[in-house]
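Enquirer: no sequence for this one, just the structure:
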């Protein structure tokens, strides 16, 4: 019989794999100012986090407006542009709008999330047209 301590590395690895599998995969694009009015909070300037890390929800996560105010941890997996992703970077974004009705149009329609300039630049090269992302609420 093995000592309990010999199982610790295996348990740690298993716990890490379970945690990683709770994330969803999706796509992202970008939109530019003006960002108001939004479908979630209208013209209220306090809706935007001071970091400017926010996004509009695509139809896959819009959930009849329930997405408003949700926060997601997001990282870039890959892009149509080689080496566009900033590997190892994860940001927390806040949903403030609906992509389908946003004031300005996304660089690519039909994505899971549409990032503000600051949010996209935090995880990928600025003006990358679209990304494959990993995200969890």
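Expert: Everything's here; your move. Owing to the predicted nature of the structure, the values given are computational and were not obtained by experimental measurement.

Enquirer: which SS class is residue 118?
Expert: helix (DSSP: H, G, I helix; E, B strand; the rest coil).

Enquirer: could you list every residue that touches it?
Expert: 51-53 (CB atoms under 8 Å, 6 or more residues apart in numbering). The way it works is simple: take the backbone N, C-alpha and C, and place the C-beta from them, glycine included.

Enquirer: just residue 111 next, same as before
Expert: Per CB under 8 Å, 6+ apart, neighbours of residue 111: 26-29, 58, 99, 130.

Enquirer: Can you check the pLDDT for it?
Expert: Per-residue pLDDT puts residue 111 at 97.

Enquirer: tell me the SS of it?
Expert: Strictly by three-state DSSP, residue 111 counts as coil.

Enquirer: How about the backbone phi and psi for it?
Expert: For residue 111, the backbone dihedrals are phi -80, psi 160 (criterion: degrees, to the nearest 10).

Enquirer: from the contacts of residue 111, which is closest to residue 88?
Expert: Nearest to residue 88 among these, counting by CB to CB, is residue 28 at 17.2 Å.

Enquirer: related to what we said a few turns ago, buried ones from the contacts of residue 118, can you make that a PyMOL selection?
Expert: Filtering the contacts of residue 118 down to the buried ones (16 or more other CB atoms under 10 Å) takes a single PyMOL command:
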select buried, resi 53
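
Enquirer: I'd like the contacts of residue 118 as JSON lines, with secondary structure appended.
Expert: Output for these, formatted as JSON lines (three-state DSSP):
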{"residue": "51", "secondary structure": "coil"}
{"residue": "52", "secondary structure": "coil"}
{"residue": "53", "secondary structure": "coil"}
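
Enquirer: could you dump the contacts of residue 118 to CSV with distance to residue 118?
Expert: Converted to CSV, these look like this (distance: CB to CB, whole Å):
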residue, distance to residue 118
51, 7
52, 4
53, 6
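
Enquirer: No more questions from me, cheers.
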